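> sequence unknown, structure follows:
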């Protein structure tokens with residue numbers, strides 16, 4: 001009901017009272033769903049558009065029937081409303097101001113802002129001193145240059161040490177682990193609230209384990225709440241969780257805890273974080289654009305321990321020039337024997 005109708009109703013009420021509006025709808029129980037909110041304060045209609053159209057038509061008819069809607073003033077459409085203070089002023093012709101000193105062909109030099117690049121490549125601080133004494137090179141060259149992907153599993157880069165082969169899944173695990181490790185100290189974890197909470201039904205055997213893990217799951221950003229029985233409502237997920245795969249992530253965590261029950265009790269929150277990032281990390285076979293590859297490599301070398309994933313497995317390996325020379329020497333011997 002619009003503002004004019006509200007004022008009309010309030011004018012008929014005693015002072016200090018406020019109006020309340022109620023809408024009674026009769027509908028078949030099979031056409032609604034009451035299991036979308038934990039406190040049953042919201043429902044979902046099977047055919048929301050039809051219900052909306054019927055209610056809108058009924059309200060519009062009721063307002064029009066008693067002539068309480070504001071009418072259109074067509075007289076205002078035929079003239080302009082001019083303020084009284086402007087009646088005595090003389091209109092001025094519009095002017096166009098031109099900056100005649102502007103030259104579009106004049107080249108201007110803008111100083112490049114390279115402040116802070118040392119944080120991205122801390123290994124090059126010694127090289128910076130060399131460049132300051134050698135003005136031939138004016139900009140720093142990154143130590144790692146992305147060349148491409150192999151079978152959508154590995155990222156090949158060129159560095160000063162040689163060819164570097166990076167396992168993209170393990171690299172993503174390391175990035176996610178350190179990112180979420182910083183969020184654990186925040187109250188309630190870094191959780192992104194779901195616009196529409198999801199309801200999951202778990203096996204009865206998993207319910208005791210889920211109740212045991214609920215506190216630590218919330219610290220990691222997985223806002224899982226009991227709904228009744230073996231039903232739980234997911235209200236929030238950690239940053240970086242893939243939409244539509246929330247149930248798979250939780251199942252992977254439960255399965256990992258079951259398989260590592262002994263080691264899990266030693267450092268429960270850390271082991272739970274490892275299981276979570278393992279379920280969130282990209283799978284092998286994921287195609288990455290050149291920008292995504294460069295971003296992944298850049299984020300990896302910002303980590304405190306980029307050489308190992310959370311489970312202690314190597315993230316990358318380097319093939320130096322000596323190894324390449326040995327390979328070519330071996331190929332030469334094979335060709336000579338042939």
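That came in fine, so what should we check first? In this text the structure is predicted, and so the values were computed from the model without any measurement.
> Tell me the helix or strand right after the helix or strand encompassing residue 233.
Using DSSP states H and E, residue 233 sits within strand 231-238. Heading C-terminal from strand 231-238, the first helix or strand you meet, by DSSP H and E, is helix 246-259.
> what sits up against the biggest strand by length in the chain?
Counting by DSSP state E, the longest strand found in the chain is strand 191-201. Outside strand 191-201, the residues within contact range by C-beta atoms under 8 Å, 6 or more residues apart in numbering are 35-37, 218, 221-223, 227, 230-239, 241, 246-247, 250. For glycine as for every other residue, the C-beta is placed from the backbone atoms N, C-alpha and C.
> Name the nearest residue to residue 278, ignoring sequence neighbours.
With C-beta to C-beta, 6 or more residues apart in numbering as the criterion, residue 278 has its nearest non-adjacent residue at 6.1 Å, and that residue is residue 173.
> One more: residue 231?
In space, and not counting its chain neighbours, residue 231 is closest to residue 201: 5.4 Å by C-beta to C-beta, 6+ apart.
> quick one: that neighbour and residue 160, what's the gap?
Residue 201 is 55 Å from residue 160, where distance means C-beta to C-beta, to the nearest Å.
> now swap in residue 238 and tell me
Counting by C-beta to C-beta - residue 238 and residue 160 are separated by 36 Å.
> ok, and residue 302, which helix or strand is that part of?
Per DSSP H and E, there is no helix or strand for residue 302.
> What's the local residue count around it?
14 (other C-beta atoms under 10 Å).
> same check, this time on residue 158
For residue 158, the count of nearby residues is 14 (other C-beta under 10 Å).
> same deal with the one 10 residues further on?
By the criterion of other C-beta under 10 Å, residue 168 has 27 neighbours.
> give me every residue that touches it.
Residue 168 neighbours (C-beta under 8 Å, 6+ apart): 149, 153-155, 282, 284, 286, 288, 293, 296.
> Looking at those, which are in helices?
Mapping the contacts of residue 168 onto helices (DSSP state H) picks out 293, 296.
> what's the angle from the longest strand of the chain to strand 231-238?
Angle, strand 191-201 to strand 231-238, by axes from the mean of the first three to the mean of the last three C-alpha atoms, to 10 degrees: 150 degrees.
> Which residues belonging to strand 191-201 are considered buried?
Using 16 or more other C-beta atoms under 10 Å as the test for burial, strand 191-201 gives 191, 197, 200.
> Please apply the same query to stretch 315-323.
Buried-residue list, stretch 315-323, by 16+ other C-beta under 10 Å: 315-316.
> gap between that stretch and the chain center?
34 Å (C-alpha atoms, centre = their mean, to the nearest Å).
> hang on, the earlier thing: more neighbours: which of residue 238 and residue 160?
Shown here are residue 238 and residue 160; by other C-beta under 10 Å, residue 238 has more neighbours (23 against 10).
> For that one, list each beta-bridge partner.
Counting by DSSP bridges, residue 238 is bridged to residue 191.
> ok, now how distant is it from residue 224?
12 Å.
> Likewise for residue 173?
Counting by C-beta to C-beta - residue 173 and residue 224 are separated by 22 Å.
> Thanks again, I'm all set now.
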